[in-house]
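In: turn this into a model:
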Amino acid sequence: MKKYKKILVEKKPPIGKVIYNDPATMNALSTEMMSEATDAFLEFEKDYEVRVILLTHTGDRTGGALGVSGDSYEAQMEYFKRTREYQDFLLRDISKPIITYGSGISGGDIIIVSERTRFSMPAIRFGMP
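Out: Take a look at the predicted model:
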């Protein structure tokens with residue numbers, strides 16, 4: 001399997017696993033992480049041995065959009081647009097079931113979270129509709 005900087009990938013047929021792995025940012029979705037994960041999902045999509053894809057993270061939580069807090073308004077809008085496109089890609093373009101589990105991960109066909117998981121809409125702070 002290909003090596004990445006921001007994610008880990010495991011394959012144990014019939015399961016393919018994508019693991020967000022950027023402890024310095026509490027696994028905040030960065031453009032680089034989304035790009036690497038997209039690449040891994042497309043590889044699993046083509047792999048006949050993989051029947052389901054699991055999406056999770058290292059550590060005890062994800063940092064969501066922490067990576068954009070110091071950026072300009074325009075950079076924040078572009079980031080949230082890319083994040084939305086990435087989430088849509090997971091649901092629309094990957095034909096295999098995607099199960100997400102962990103704390104704060106969204107997207108996929110089935111989402112499993114812990115009792116202490118909290119979700120928020122940070123885009124509201126930036127005036128996104």
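In: contact partners for residue 32?
Out: For residue 32, the contacting residues are 5, 6, by C-beta atoms under 8 Å, 6 or more residues apart in numbering. Where C-beta positions appear, they are placed from N, C-alpha and C, glycine not excepted.
In: can we see that at 6 Å?
Out: Counting by C-beta atoms under 6 Å, 6 or more residues apart in numbering, residue 32 makes contact with residue 6.
In: state the helix or strand in which it lies.
Out: If you go by DSSP states H and E, residue 32 is part of helix 31-46.
In: so how far is that helix off the chain centroid?
Out: From the chain centre to the centre of helix 31-46 is a distance of 9 Å (C-alpha atoms, centre = their mean, to the nearest Å).
In: so how far is the very next helix or strand once past it off the chain centroid?
Out: Proceeding N to C from helix 31-46, the next assigned helix or strand is strand 52-57, under DSSP H and E. The chain centre lies 9 Å from the centre of strand 52-57; the measure is C-alpha atoms, centre = their mean.
In: nothing else from me, thank you.
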